[in-house]
Every structure is written in C-alpha cells, then in structure tokens.
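Chemist: sequence first, predicted model second:
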Amino acid sequence: MHKEFRSLIALEEAVSIVLSHAPKPGVKVVPIQQARGAVLAEKIVSCMDVPGFNRASMDGYAALAEDTLKAREDRPVSLKLVGSVPMGARPEVHVGRGEVAEVSTGSMMPQDADAVVMVEYAHEEDGHVLVHRPAFSGENVQTAGSDIALGEAVLFPGTKLATREIGVLAALGLEEVPVRQLKVGVASTGNELVQPGGTLGIGQIYDINSQTIAMAVEECGAAAIRYGILPDELRRMVKTLQKMAKECDLILVSGSTSAGTGDVIYQAMDAVGETVFHGINLKPGKPTVFGQIEGKPCIGLPGYPTSALTVFAKLAAPLIRKSLGVRVHGHRTKGRLAGPIRTEGRQQMLAVGISRDLIYPVDKGSGSITTLAGADGIMEIPAGVEYLEKGTEFELDLFSELEAPDLVIAGENTILLEELAETLPMQIKLMNTGSMRGRMYQDDGIADLVCVSGLQDPPAALAAIKGYKRELGLIFRDEKSLLDMSCQRVVGWHRDSTMKLAFERVMLDLGISNPKYVRVARTHSAVAAAISFGLADVGFCEQAAAEQAGLGFKAILDDEVWFLAKPEVLEGSAARAFICELQNFVSKTSSASRSS
C-alpha cells in the first residue's frame, strides 16, 4: 500500500512550530488536597508566622541563659524546677531568675525564658535541675516567624505544587490555592481498540494510549479530559474533535495519523481547521501530525504506544509546560557537591537543593518546613562517611519532578526582585541568603547572580552590574514610636543580611545599643507585615515596602543595589533578559523622577 506524507520536517522545526501555538491557561481555585501536580497561578504571601510562637527545638529545660553561664561539667548550676509545659498548650508556669521549666520539642516557651538546656546536659535532683553546660540566649529555641515570617513571599507563580509546596501551604493554614488550569482532551482512534476491562474480539487490542497519555498530561500539571476511543470514520471523528475543541485548550489524539486508507485524523483536521505539518523526520514518530481545530492546537500522535509516548515527550509535554510556565526533569538525578560537607559519621538522609548539576545542603532541622520548601530531594550519606569533598558525585532521590529555573539569584532581598520574579516570563529562583552567603553560592556555581547592597570594591573576577538606588529607613504605624525607640518592639534582620549591619549602625547612631528585638525577618515585605499586623512597633526596610503596606516611613540613608555575575553568565539569554528588564525599570524610574 502506497503511503504519502506531506514533506517531512526536522524535529527542531516541529518543536518550534508547536511551541508557537501554546494556549493560554485559565485559573481555578482548588482545595490543597487536590492541588498536587498543579501549577501555582499567584504569588503566595504568608499571612502568619511559622511557627506562631517561640518554641523549644529540643527536649530539656527552659531557662534564662544568664543563669547557666557558670555551669560546668564538674561544677553544675542548680536551678529550681517550677513545672512543665505540655505540648499544644499555653505555659501556665513562669520562669524567673534561678528557675527552669521542663519542655519537650515543640513546646511553647514560658515567658521570659530564652534558652533550652538539653536534657543530656542536666539532671533532676530534689526539685532542682543541675545544669552541667551553659546555654546561650536563643539556644535550642525556634522564635516566632523564624521559619516563615508574616508577609514573606514563599511561593511564586509557575511553581509546580508537589509534596514540599503542599506542606508549605498547609503550614500557612490555607485550605485552597489558585492554580493554572489547562484542559487537555485525550482520545485514541481505531476500530481495533477496546477499553480496558472489556471483552476482546478477533483482531482487537486494549487501548493503552488513552491511559498513558492522560497520565503523562497530568504529570505535566495539566488536567486530562478523557474522550475514550474514536472510530476510524471521518464524520463521527470530526464531530468528536469539534466537541473536544469546544471543551478543551489542547487536543491530543493517538493513532490514525499515517497515510493509509483508514487513517483519517489529518483529513478531519483539514475539514474543521488546518493541518500545519504532517510528518517528522523522527524514528519513532514519523507520522505525527499537528494543526488547529477551530483555533485549538491539536497533535496527532502515532498509534504505537512507545511512539506515542516518545512524541508526547518531544512535542506535547514541552507545549503543556510552556503554557503553564514550568520546566521539569525526572524524579532522580545526578549531581556534584558544590562544596565540602561534614557529617556525623552516621547514615544520613540529607535534604539538599540542586542548581544546574550542583548539590548543596539546605537542612535547617527537622522542625523547619522551609527545609522542604528549599529542598529538591534527599541525598543518602552512608554510615562511616564523615567528610565529602567538593565535586563528589551523588544520585539524588527527588521529592518531585525537578523545576529547572532559568536564573538563580542569591543575596540581598529587594521588593523589585520579587516583582521581577513574579512578572518576567521565565522562572527565577530567589535565595534570600544575604550578600556573604550569596557570594559563596556564586563561587560554588549555585547562583548565577548575586544581589548586593552598597557595593564598595567590585571583585576583579566578577562583572558588577549597577542596579538602582533605594531609600532605607525606619518603618512604623505611629510616628510617636520614634520618640523613644529603646522601649519599642523592634523587627530585626536575619544575621546573614547586610540590612542587619546597616540597621545596627542606625540604632547606634540613635544612641540605642540594645534594641528590644521581638522577631527577625529575611525580606522587606516581612518587616512591613510585622509592623502592619501589630507584632512590632518599629523596623528597618526599603521605602517601597512601607508604601505597599500603607505605613509610615522615615528615610535614613540612600542605598545602591548592585548585581555581581561571572562574565560567562552574562552571555546567557536569561541573564541578558533580566538585566534588560532591570535597566528598563531604572530608566523609567529616572524619567519619572526628572518629570516630578
């Protein structure tokens, strides 16, 4: 039998054509129990602190750190045991000077207690606790908002929701989440096909493709709508394809794509739309057809299951992911350690992130949900290994399909960076690490760009891209709070941020050497949210954060934001696009300032 395809095109050309017809997804709000595998449609900003209270991170005794300073193994300090704090309850005991209260991991800390002496370093005797080792202020205590702070952006649009992200949403108390919805109609063709569970006649086989293609669609984050088996009869096929076009955003049909007398998918496509190409120079996958039916893209996949999945992976999956704004890899991957890792010599499952092929640890402790939010998978370290060298290869078990960001930016947090991550048509991973750790991540190859504040001497080996100027200052609800800041509740900054040093200098200039810090933040939005919700009185942040929150702001100093990059990074399209958009923002801001 003679078979004739319209001129075969290269796979690269076919991919380009298909991707140029990416449909626009809708938005649907779903319960988080049904959100696994879906793609986030909006930025998620924390409306609460996680944890919402100061809690013990170890079993032991809550105490005042200063009471333990003289404790030694051979000269223990005796402190009175005044009670215990049950899990999930407000402490009914108060810890004063010379006193302790028993706590468990996760217990709410008693008022005024600022440290937990681990049970291993103390023992009870006659109503007292003998402490054999000093504890510093904050030791074994997880402060309110230290994991996720009120007002902190934790997930961005385009994020595929998997185990870790659902955990973050649950930690924030969210029951529902807005996701991008792409409806993909899936059908098989062929008179020889029977639905699984049916009775096979002579010459018949069970339909495999409807199941495998639908599952593959859902793995990409889209919603598969199954239309079953279409008969190889032109009129009935046209009617069903029109129904699919009306109800779906994308149509996937397997089988009936060859040039035989019974293969009619391309004829149906011509009858109610147009055939863009029929035939790819690919094995398997030669008879693939692509076109539009009533304006909706339609891919005709080969009938053989292996061929159908191969073409799906090459054409349909990239199209779905482009429409939804995600890029993913498999569930296992190999990588190299970005830096050396010391371990305890025991078998260990280490939570790690991966950037490109570089693995880095992100473990903050078992109580931290952001260990999951920042981790891509688990690296198993065998027993007896105490030191792993930089460059050591490992295979990772991924929590879910791995998102591959177009650009990784570490360093200081800025409002503009969050806005660009939300609006630019690419995946940007922001790591609010502070300048120093950001530079370390850049040296190790984890980060592409580092955002720094007030750059003095650019490193010779790096390109320094001038960003923009911003005003830093005090943020408040009531301006009277600034009259005597020594007695106000203050939002501090995470220790790795340049903002911490800048704020401390400001406070010293104001004559305040010991501010009353009640919480710390990693982002400017989190500082503003703490003030806005009455959790603190005064903070330090950029003016844009105060304006967004509708709070008062007193400018203290001008700051200039810079970005550092290795020269080869700037050759990449993602870095160039980011810098172009950044410069557009600077240009618009400058024009607006001149006109005002």
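Modeler: Noted; the coordinates are in hand.

Chemist: residue 386: what's its closest spatial neighbour, skipping adjacent residues?
Modeler: Leaving aside its sequence neighbours, residue 386 sits nearest to residue 345 (CB to CB, 6 or more residues apart in numbering; 4.6 Å). For the C-beta atoms, the positions are set from N, CA and C on the backbone; glycine is no exception.

Chemist: isn't there a strand covering the one you found?
Modeler: No. Using DSSP: H, G, I helix; E, B strand; the rest coil, the secondary structure at residue 345 is coil, not a strand.

Chemist: and for it, the neighbour number?
Modeler: Per other CB atoms under 10 Å, the neighbour tally for residue 345 reads 13.

Chemist: quick one, what contacts it?
Modeler: Taking CB atoms under 8 Å, 6 or more residues apart in numbering, we find residue 345 in contact with 383, 384, 385, 386.

Chemist: secondary structure element for residue 470, which one?
Modeler: Assigned by DSSP states H and E, residue 470 belongs to strand 463-476.

Chemist: now do the very next helix or strand once past that strand and strand 463-476, the angle between them.
Modeler: Of the helices and strands lying after strand 463-476 in sequence (DSSP H and E), the nearest is strand 489-493. Between strand 489-493 and strand 463-476, the angle comes out at 170 degrees (axes from the mean of the first three to the mean of the last three CA atoms, to 10 degrees).

Chemist: how close does residue 93 sit to residue 68?
Modeler: Distance, residue 93 to residue 68, using CB to CB, to the nearest Å: 18 Å.

Chemist: again, but for residue 197
Modeler: According to CB to CB, residue 197 stands 69 Å off from residue 68.

Chemist: so the two - more neighbours on which side?
Modeler: Each of residue 197 and residue 68 has its neighbours counted (other CB under 10 Å); residue 68 has more, 24 against 6.

Chemist: report the contact partners of the more buried one.
Modeler: Shown in contact with residue 68 (CB under 8 Å, 6+ apart): 77, 79, 115, 117, 131, 133, 134, 135.

Chemist: quick check, nearest of the residues you listed to residue 576?
Modeler: Proximity of the contacts of residue 68 to residue 576, judged by CB to CB, is greatest for residue 115, which lies at 49.6 Å.

Chemist: who does that closest one bridge with?
Modeler: Partner residues in beta bridges with residue 115, using DSSP bridges, are residue 63.

Chemist: now swap in residue 280 and tell me
Modeler: Residues in a beta bridge with residue 280, per DSSP bridges, are residue 9.

Chemist: quick check: residue 294 touching residue 243?
Modeler: No. Residue 294 lies out of contact with residue 243 (CB atoms under 8 Å); the separation is 10.3 Å.

Chemist: distance of the residue nearest to residue 386 relative to residue 385?
Modeler: For residue 345, the distance to residue 385 - CB to CB - is 7 Å.

Chemist: check residue 564 too.
Modeler: Taking CB to CB as the measure, residue 564 falls 34 Å from residue 385.

Chemist: out of those two, which sits in the busier spot?
Modeler: residue 564 (24 against 16).

Chemist: using the three-state scheme, assign that one.
Modeler: When classified by three-state DSSP, residue 564 comes out as strand.

Chemist: list the pairing partners of the strand holding residue 470 within its sheet, with orientation.
Modeler: Using DSSP bridges, the strands paired with strand 463-476 are strand 538-542 (antiparallel), strand 552-565 (antiparallel).

Chemist: how about those strands, which one is nearest residue 408?
Modeler: Comparing these by CB to CB, strand 552-565 comes nearest, at 11.1 Å.

Chemist: now do the closest one: distance to the chain's middle.
Modeler: Relative to its parent chain, strand 552-565 has a centroid offset of 26 Å by CA atoms, centre = their mean, to the nearest Å.

Chemist: done for today, thanks.
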